[in-house]
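Colleague: Got a predicted structure plus its sequence, pasted below:
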Amino acid sequence: ADTAIGERLPYDAYQTIDWLHDLVKDAFRYRTVKSQKGVRGAFSAAYEDYQGWVAAVLVGILTAFVAFFVDYAESSFGDLKFGVCQRNPLFGREACCFPRESCAQWTPWSESYGASFAIYGVVAWVLAMGAGLLTKLTRAEIPAFASHEGGDHGGAEHLVAEHAPNKIIYMAAGSGIPEIKLLLSGYEFPNLLSAKVLVIKAVGASLAVASGLCLGKEGPFVHISSSAGYVVSQLFPALKDNGRRLREMLSVACSSALAVAFGSPVGGVLFVYEEMSSHFPRKVLWKAFLCSLVAAISLKALDPTRTGRLVLFETNYGVVYKPHNYIFFVLLGVSGGLFGAAFCKGSLAWTKRMKPFINKYPLVELSMIVIITALLQYPNPITREPALLMIKNLLRDCGKKGGGWICEQERLEDKTAYYGWLIYGSVVKIVLTTVTVGSRGNSIVPSGLIVPALGAGAIFGRLVGQTVPDTSAAIFAMVGAAAFLAGVSRMTVSLTVIMLELTGEVEYIPPFMIAILTAKVVVDALHEEGVNDHTVLGEYLEHEHASNIARDHGGLVEDLIPPPQSVSDMTLHVGPEYKVLKQTLAHKLQRMKRHGLRDAALVLVDDREQMHGIISEAELDFAVHEAGYLSDTEPFDILSGPLAAFVDKSPLTVNASAPLEMVVEMVYQLGLRHIVIVEEGSSRVLGVVLKQQLVLYLEHLRSY
């Protein structure tokens with residue numbers, strides 16, 4: 001408070017944090033802790049150095065325990081659609097019969113096809129409804145935000161329509177990955193990571209996946225692990241009270257998600273670096289590595305499936321692919337890219353078309369999705385099985401005796417029926433995945449996209465493998481799974497490592513890379529926006545996309561200067577004595593709120609339009625409405641009076657004639673909330689650029 005940067009109140013809902021301010025704030029705290037003397041000072045200094053590592057270990061353990069519950073519940077509830085284990089009703093089929101695939105202890109509900117299907121459908125509907133009803137307990141309202149409208153002088157006006165309705169969302173719904181990415185980029189998202197959401201997300205994900213819908217639990221695990229990171233961070237004041245350090249810990253926590261979901265600890269770390277976090281320094285990488293390791297070994301010790309395995313789809317083909325197989329790997333990559341583009345466009349189109357009905361009757365639509373899914377998946381022996389078991393069967397090599405139904409079909413002379421089931425399964429999985437994830441059904445239950453994409457790709461890859469007689473079809477199923485997931489997720493390096501850890505096949509890293517890179521190139525050429533670029537708050541604009549927009553359209557900083565009225569609303573002339581009245585501040589605050597920009601700031605200028613500092617809207621709101629904080633009648637010195645502690649006297653400025661790319665890099669690389677625009681030569685204040693305003697402007701440019 002006594003320095004030129006000023007103090008800040010705790011961030012308000014839906015604001016963006018000031019990364020640079022939080023960096024300086026943490027440095028002040030660090031020096032204070034290290035300056036303490038004596039035994040207590042030495043203990044405090046040691047605790048300061050190691051608390052982040054302790055938190056990483058605790059997050060890994062907590063995530064593993066939650067994953068143990070989810071895996072156990074999903075396996076047990078999911079297999080209730082087929083039968084029950086006589087030895088222990090809480091065991092799923094795999095745990096009941098391990099290490100065999102079937103046993104006398106596992107009893108199907110009925111030998112009749114009709115009765116079995118009826119029980120399957122009823123249990124699936126009950127599980128899905130349970131997930132939907134639980135998720136509705138996390139209902140929340142999001143206020144209306146500013147939208148872009150063209151303004152004078154090349155600027156932009158940002159206004160909120162009067163009486164704009166709030167948006168209803170369910171915090172535990174969907175995968176949560178887009179919202180977590182938004183939060184990690186610096187946005188405040190209240191209640192997204194609460195303990196209540198963690199519990200409901202875990203239980204809901206178990207029920208939703210067990211119902212047999214084309215959903216996975218891997219996406220929700222990212223949300224669950226982030227919630228675990230948030231809960232643990234509340235035990236450490238240095239983490240919970242600093243927006244920058246809290247997000248570093250949340251990045252650490254995210255790494256444990258795929259470690260427990262797929263048994264992929266290294267892939268989980270790379271996933272956060274490549275896909276999730278916009279701020280990932282080396283110290284975060286090391287802690288993420290530890291957190292992911294602890295989560296993996298903890299889950300292996302807990303052994304929820306009673307198999308003693310961490311790797312989900314361990315394979316041992318014992319065959320080498322041929323050089324001409326590269327053509328088919330590229331073909332699978334192209335197919336994965338086409339699937340990714342079709343999925344993104346199709347899911348958005350479905351949601352837009354069904355939105356009126358979906359918003360009114362989300363559970364009715366969920367019921368329709370469950371029934372249609374059961375009707376389409378159950379008749380096919382391939383898709384009837386739970387998703388993970390289906391993928392495991394598709395990745396199985398049939399070179400040895402046994403191998404289940406798929407291998408029995410591939411040993412037949414006449415494979416016409418088998419080819420039909422593969423084609424039917426590919427089409428059904430692709431369509432159901434697109435419709436399910438693109439519907440409100442995905443927004444009323446916890447759900448992920450990773451396993452459905454792997455399943456669709458594995459079926460299609462197995463189908464392609466039938467045309468290559470000299471190579472195991474399982475290899476193409478494995479590569480196809482990677483290609484389809486790359487098409488919808490656009491992951492590259494992390495996905496290659498995940499597939500390696502999933503299968504244990506080091507020999508097939510080049511095929512993975514070929515298919516994944518091809519899929520990435522194809523989907524990027526056909527559809528720019530990724531599946532995780534759309535959040536409940538609007539589109540999420542990554543640094544790379546923002547830089548590309550600025551590069552493609554060009555322009556100067558002066559293009560961001562708002563219209564004169566907006567500049568006036570966010571500027572306060574303090575006069576030669578720097579004295580203002582409370583009523584003046586209240587009027588300015590009212591005008592600022594009209595713009596609907598949560599990070600708005602009031603620039604303090606003198607008669608020559610020279611800047612003396614800025615005050616953020618949140619601090620101004622507190623000072624105006626806190627009883628007794630400011631005098632109701634007497635003017636006060638804004639630079640040395642009660643508000644002085646909140647005045648940032650050293651905000652960064654940028655010349656109006658500077659290129660637009662400079663502002664984009666300053667906002668994204670330094671994590672700034674606002675930058676003051678000044679005139680070349682005179683340094684006269686011309687306006688202020690807010691991060692939210694910049695994002696709206698860039699999205700406006702992209703629409704042209």
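Modeller: Perfect, I can see it now.

Colleague: pLDDT value on the nearest residue to Glu577 once chain neighbours are set aside, please?
Modeller: Closest residue in space to Glu577, ignoring its immediate chain neighbours: Asp637 at 7.2 Å, by C-beta to C-beta, 6 or more residues apart in numbering. In this view, the C-beta of every residue, glycine as well, is placed from N, C-alpha and C. Here, the pLDDT recorded for Asp637 equals 88.

Colleague: The one 4 residues further on too?
Modeller: Model confidence at Gly641, given as pLDDT, is 85.

Colleague: How many residues are close by it?
Modeller: Close neighbours of Gly641, defined as other C-beta atoms under 10 Å, add up to 17.

Colleague: Is it in a helix, a strand, or coil?
Modeller: Under DSSP: H, G, I helix; E, B strand; the rest coil, Gly641 falls in the coil class.

Colleague: where does it sit relative to Lys136, distance-wise?
Modeller: Distance from Gly641 to Lys136, counting by C-beta to C-beta, to the nearest Å: 49 Å.

Colleague: Tell me where the stretch 601-704 of the chain has strands.
Modeller: 601-605, 611-616, 636-637, 653-655, 674-678, 685-690 (DSSP state E, counting those that start in this stretch).

Colleague: between the ones you listed, which gets nearest to Ala124?
Modeller: strand 685-690 (47.6 Å; C-beta to C-beta).

Colleague: What are the contacting residues of that closest one?
Modeller: If you take C-beta atoms under 8 Å, 6 or more residues apart in numbering as the criterion, strand 685-690 is touched by 155, 557-558, 560-562, 566-567, 570-571, 597, 599-601, 603, 605, 609-611, 614, 654, 656, 663, 667, 673-679.

Colleague: and the residue nearest to Glu577, bridged to which residues?
Modeller: Here Asp637 sits in beta bridges with Lys579, going by DSSP bridges.

Colleague: thought it was touching Leu581?
Modeller: No - shown here, Asp637 and Leu581 do not form a contact pair, counting by C-beta atoms under 8 Å, at 11.9 Å.

Colleague: Name all residues that make contact with the most centrally placed residue in the chain.
Modeller: By C-alpha atoms, centre = their mean, the chain has its centre lying nearest to Ile177, at 1.6 Å. Residues in contact with Ile177, defined by C-beta under 8 Å, 6+ apart, are 219, 222-223, 276, 448, 532.

Colleague: ok, now how distant is it from Ile406?
Modeller: The separation that Ile177 has from Ile406, given C-beta to C-beta, amounts to 32 Å.

Colleague: same question, Ala124
Modeller: With distances taken as C-beta to C-beta, Ala124 is found 23 Å from Ile406.

Colleague: Equivalent analysis for Leu331, please.
Modeller: 21 Å.

Colleague: same thing with Arg139?
Modeller: 43 Å.

Colleague: Low-confidence ranges, the stretch 451-600 of the chain, go.
Modeller: Residue ranges of the stretch 451-600 of the chain with pLDDT under 70: 534-540.

Colleague: Now the contacts of Ile177 in CSV, please, with extra columns for secondary structure.
Modeller: Formatted as CSV, the contacts of Ile177 follow (three-state DSSP):
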residue, secondary structure
Gly219, helix
Val222, helix
His223, helix
Met276, helix
Gly448, strand
Asn532, coil
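
Colleague: tell me which of these is nearest to Ala349?
Modeller: Nearest to Ala349 out of those is Asn532 (C-beta to C-beta; 17.9 Å).

Colleague: Give me the neighbour count for the residue nearest to that closest one when sequence neighbours are not counted.
Modeller: Nearest-residue entry for Asn532: Pro178, 4.7 Å, with adjacent residues in sequence omitted and distances by C-beta to C-beta, 6+ apart. Using other C-beta under 10 Å, Pro178 has 20 other residues around it.

Colleague: and Pro178, what are its phi and psi?
Modeller: Per-residue torsions, Pro178: phi -60, psi -40 (degrees, to the nearest 10).

Colleague: For the stretch 301-450 of the chain, which segments are assigned as helices?
Modeller: Assigned by DSSP state H, counting those that start in this stretch, the helices in the stretch 301-450 of the chain fall at 325-360, 362-377, 387-394, 404-410, 416-437, 441-444, 450-465.

Colleague: Among the ones you listed, which one carries the weakest average confidence?
Modeller: The lowest average pLDDT among the helices of the stretch 301-450 of the chain, as it happens, falls on helix 441-444, at a mean of 60.

Colleague: now the helices for the stretch 501-650 of the chain?
Modeller: 509-526, 543-553, 564-569, 582-593, 617-625.

Colleague: How far away from the center of its chain is the second one?
Modeller: How far helix 543-553 lies from its chain's middle: 22 Å, per C-alpha atoms, centre = their mean, to the nearest Å.

Colleague: try stretch 353-369
Modeller: Distance of stretch 353-369 from its chain centroid, counting by C-alpha atoms, centre = their mean, is 24 Å.

Colleague: List the buried residues for that stretch?
Modeller: By neighbour count, and taking 16 or more other C-beta atoms under 10 Å as the criterion, the buried residues in stretch 353-369 are 354, 358, 362-363, 365-367, 369.

Colleague: Roughly how far does the residue nearest to Glu577 sit from Ser616?
Modeller: Taking C-beta to C-beta, one finds Asp637 at 19 Å from Ser616.

Colleague: same thing with Thr3?
Modeller: In terms of C-beta to C-beta, Thr3 sits 16 Å off from Ser616.

Colleague: So which of these two has more stuff around it?
Modeller: Shown here are Thr3 and Ser616; by other C-beta under 10 Å, Ser616 has more neighbours (26 against 13).

Colleague: so what's that one up against?
Modeller: Per C-beta under 8 Å, 6+ apart, neighbours of Ser616: 8, 599-601, 646, 648, 673-674.

Colleague: Repeat that for Glu275.
Modeller: The neighbourhood of Glu275, defined by C-beta under 8 Å, 6+ apart, consists of 181, 489, 491, 494, 532.

Colleague: I figured the first one hits Asn532, correct?
Modeller: Yes - taking C-beta under 8 Å as the contact criterion, Lys181 and Asn532 are neighbours in contact, 6.1 Å apart.

Colleague: Check what pLDDT Asn316 gets.
Modeller: 67.

Colleague: what's the answer for the one 4 residues further on, then?
Modeller: Residue-level confidence at Val320 comes out at 74, pLDDT.

Colleague: The residue lying closest to it once chain neighbours are set aside and Trp19, how far apart?
Modeller: Nearest residue to Val320 in three dimensions, chain neighbours excluded: Glu507, at 7.1 Å (C-beta to C-beta, 6+ apart). To Trp19, Glu507 is 43 Å away according to C-beta to C-beta.
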